[in-house]
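>>> Sharing a sequence plus its predicted fold:
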Amino acid sequence: MRTRKRGYVGLAGVAAIALAVAGCGGSSGGKSSQGGAPPTNANTINSAKVKPGGTMTYTIEKNIQNWNVSTATGNTFDTAEVTELLYPSAYVYNPDLSNVTLNKDLLVSADLTSQNPETVVYKIQPNAKWTDGVPITADDFVYDWKVQDPTQCPKCQPASTTGYDQIKSVTGSDNGKTVTVVFKKPFGDWKSLFGGGYGLLPAHIAAKHGSLANSFDTYFANTVPNVTAGPFKLQSFKSNQAVTLVKDPNYYGKKAVLDTLIFRIITDATAEPTALQNKEVEAIYPQPEVDLISQLKGMAGQGVRYQESLGLVWEHYDFNLKNKFLKDKALRQALFTAVDRQGIINRTVKQVDPAVTVLNNRFLMPEQQGYQDNVTKYDLGQGDLNKAKQILQQAGYTGIGTKLKTKSGEAVAPLTMKYTVGNAIRQTECQLFAQAAKSLGVTVNVSTTDDLGATLTHADKQHDYDVIVFAWVANPFFTSGNAPNYLTGAGNNFGGYSNPQVDNLLNQAVPNPDRATQVKLDNQVDAIISQDAYTLPLYQKPTLLAFYQNIGNLRDNATSMGPPYNAQEWGFKETAA
């Protein structure tokens, strides 16, 4: 399961998710290919003239358990792939990862009209409306702001407050079709707001369901969307089976090509290629594994193509600092020092893509300007058992290598490590972490979770963890997207990390409009997080999209929006490829 970040949202702002294999060439969005064909522009690959109508089935890997992806517990990639077609966003993140595009279905324009105070004016399309006929207005922007600003709604539980907490006011004019947003202080990543697939929610519906917190965290989270404003509307949802969307003939923007788009829920990744081969689905977006790639290559004669990319999605280990033993930095440093990241990669993703290397930054990917190694210089992830044992010895631990005990003589209790069910690569990543920990005298019990959102947010103790492995899926706004992961008390800071120096630096970086300054500050923050051994980046994650060659305009988008970013353009080609 992949989890979205707000702002790389940078899964930071959102960075992006991506996968690559041997034989793929470079492109502006990392690697991009179609079944071994020469790489092309990530934004136009597989462009084609398509016939109107038809039904297409695409897979998601997790059941939808919370329909509001703006909440901390609902902020998951699979859910967002569906809801981004139902709720409108101000901006769309492009597959090349380098820029964002104004959603002209929703907006006529969005302009920075003043820098002191920073002011942004949005012009909503005159005919933009919800499926119940109510116009989309400034009221919907006001609601989106208030539920994600802790000063406006202290009880709301958003995935992120970054940017929204910098807004002073949101006001409407021109019968609500002009929205003026005034900031308390500059926010350089203002295009990350009201967008990125998180989508506006209908304020007039929220008003019928109690307080801001109740409507946001309860109603929209637990209710299957019935009033929407996208190119598709929801026809039906069968839990653990499928979400069926149908074309909205009254949509105010560019109409969808397909009549019906079905999101088939297949939680076992190994079953996806079989479903594709049997033509139960037309497209799959699984996390790449060796056997899966081999199966797809074997389907080439059946007209199956696949696209692999490297983007802004990245795999990582995280600690839960609420565990009393993991509150000790020395233990965290020792565990991360003992872990051999290169060995893990060799045993897992390198078998899929020989080009995958260790990732040494939490804010930037290797293709991005400003990327630097902020991990290995602190000995993390090198598999250095001697160094790890030395750290523990200096901190007063005993029983090193057998049964680890603290300086006070208390035995370090077994740690619970979680990964998403059905993910063989993460299972191996957990097992290798447990082996490294065992060499230090720490027992790690590995188990699965079928609800990553509940696990990360500790919403259900049954799903709780001490160590976890998952991937952030991000967007082009690397500073504001990453900030919620590390700021004290922020929505995506699931492990309870807190460092006043990090807070100070991020609070300088987020409002700064200068990219070079943001990069400098972000790298300082990244280095401190390494020293604190809170998280350990593993690798830039490849993405894999497989589909039948008669499908046009479907392409990988290794950002938090995923391939459905342009689903209204998907269709069956007029002429078979």
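That came through fine.
>>> count of neighbours near Ser498?
For Ser498, the neighbour count with other Cβ atoms under 10 Å is 16. All C-beta spots, glycine's among them, are computed from the backbone N, C-alpha and C.
>>> Next: the one 5 residues further on.
One way to gauge burial is a neighbour count; for Asp503, by other Cβ under 10 Å, it gives 17.
>>> Surely it is in contact with Leu487?
Yes: with contact defined as Cβ atoms under 8 Å, Asp503 and Leu487 form a contacting pair (5.8 Å).
>>> Quick check: phi and psi on the spatially closest residue to Ala48 that is not a sequence neighbour?
Among residues not flanking Ala48 along the chain, Gly552 sits closest, at 3.2 Å (Cβ to Cβ, 6 or more residues apart in numbering). Main-chain dihedrals, Gly552, degrees, to the nearest 10: phi -110, psi 150.
>>> buried residues in the lengthiest helix in the chain?
Assignment by DSSP state H gives helix 515-532 as the longest helix of the chain. By neighbour count on 16 or more other Cβ atoms under 10 Å, the buried set for helix 515-532 is 518-519, 521-530, 532.
>>> pLDDT (mean, whole number) over the helix or strand just after it?
Per DSSP states H and E, the first helix or strand lying C-terminal to helix 515-532 is strand 535-548. The average pLDDT for strand 535-548 rounds to 93.
>>> what's the longest strand in the protein?
Criterion DSSP state E: the longest strand present in the chain is strand 304-319.
>>> name the helices or strands packed onto whichever helix or strand comes after it?
Downstream of strand 304-319, the next assigned helix or strand under DSSP H and E is helix 329-338. Here helix 329-338 touches helix 385-394, helix 424-438, going by 3 or more Cβ pairs under 8 Å, 6 or more residues apart in numbering; DSSP states H and E.
>>> picking up where we left off before, roughly how far out does the longest helix of the chain sit from the chain middle?
Distance of helix 515-532 from the chain centroid (Cα atoms, centre = their mean, to the nearest Å) equals 20 Å.
>>> what helices or strands is it leaning on?
Applying 3+ Cβ pairs under 8 Å, 6+ apart, we find helix 515-532 packed against helix 478-486, helix 500-509.
>>> Please put the alpha-carbon coordinates of it into PDB.
C-alpha atoms of helix 515-532 as PDB (Å, rounded to 0.1, in the frame of the first residue of the first chain):
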ATOM      1  CA  ARG A 515      13.700  27.200  -4.200                       C
ATOM      2  CA  ALA A 516      17.400  27.400  -3.600                       C
ATOM      3  CA  THR A 517      16.700  28.500   0.000                       C
ATOM      4  CA  GLN A 518      14.100  25.800   0.500                       C
ATOM      5  CA  VAL A 519      16.600  23.100  -0.700                       C
ATOM      6  CA  LYS A 520      19.300  24.400   1.700                       C
ATOM      7  CA  LEU A 521      17.000  24.400   4.700                       C
ATOM      8  CA  ASP A 522      15.400  21.000   3.700                       C
ATOM      9  CA  ASN A 523      18.900  19.400   3.500                       C
ATOM     10  CA  GLN A 524      19.700  20.800   7.000                       C
ATOM     11  CA  VAL A 525      16.500  19.200   8.300                       C
ATOM     12  CA  ASP A 526      17.200  16.000   6.500                       C
ATOM     13  CA  ALA A 527      20.600  15.700   8.100                       C
ATOM     14  CA  ILE A 528      19.100  16.300  11.600                       C
ATOM     15  CA  ILE A 529      16.500  13.500  11.100                       C
ATOM     16  CA  SER A 530      19.400  11.200  10.100                       C
ATOM     17  CA  GLN A 531      21.300  12.100  13.300                       C
ATOM     18  CA  ASP A 532      18.100  11.400  15.300                       C
END
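>>> neighbouring contacts of it?
188, 329, 332, 361-364, 369-370, 372, 374-375, 377-378, 380, 478-479, 482, 486, 497, 499, 501-502, 505-506, 508-509, 512, 535 (Cβ atoms under 8 Å, 6 or more residues apart in numbering).
>>> Tell me which residues touch Ile124, please.
Applying Cβ under 8 Å, 6+ apart to Ile124 gives the contacts 106-108, 136-138, 176-179.
>>> Who does it form a beta bridge with?
Counting by DSSP bridges, Ile124 is bridged to Leu107.
>>> What of Ala242?
Lys238, Arg264.
>>> Can you name the residues that contact it?
57, 236, 262-265.
>>> now Thr348
Per Cβ under 8 Å, 6+ apart, neighbours of Thr348: 425, 428-429.
>>> for Gly195, same thing?
Counting by Cβ under 8 Å, 6+ apart, Gly195 touches 89-92, 100, 103.
>>> got CSV for those, with secondary structure too?
Converted to CSV, the contacts of Gly195 look like this (DSSP: H, G, I helix; E, B strand; the rest coil):
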residue, secondary structure
Ser89, coil
Ala90, coil
Tyr91, strand
Val92, strand
Val100, strand
Asn103, coil
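>>> Which residue ranges make up each domain of the chain?
Listed by automatic domain parsing, the domain ranges of the chain are 2-86+222-311+542-573, 92-218, 313-541.
>>> quick one on the thing from earlier: quick check: angle from the longest helix of the chain to helix 478-486?
Put simply, helix 515-532 runs at 30 degrees to helix 478-486, going by axes from the mean of the first three to the mean of the last three Cα atoms, to 10 degrees.
>>> Now for Asp503 and Leu487: what residues contact both?
Common neighbours of Asp503 and Leu487, counting by Cβ under 8 Å, 6+ apart, are absent.
>>> picking up where we left off before, now, the contacts of Ile124 that are in helices?
Counting by DSSP H, these contribute Ala138 to helices.
>>> So how do I select the buried members of the contacts of Ile124 in PyMOL?
Buried residues within the contacts of Ile124, as defined by 16+ other Cβ under 10 Å, are selected in PyMOL through the command that follows:
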select buried, resi 106+107+136+137+138+176+177+178+179
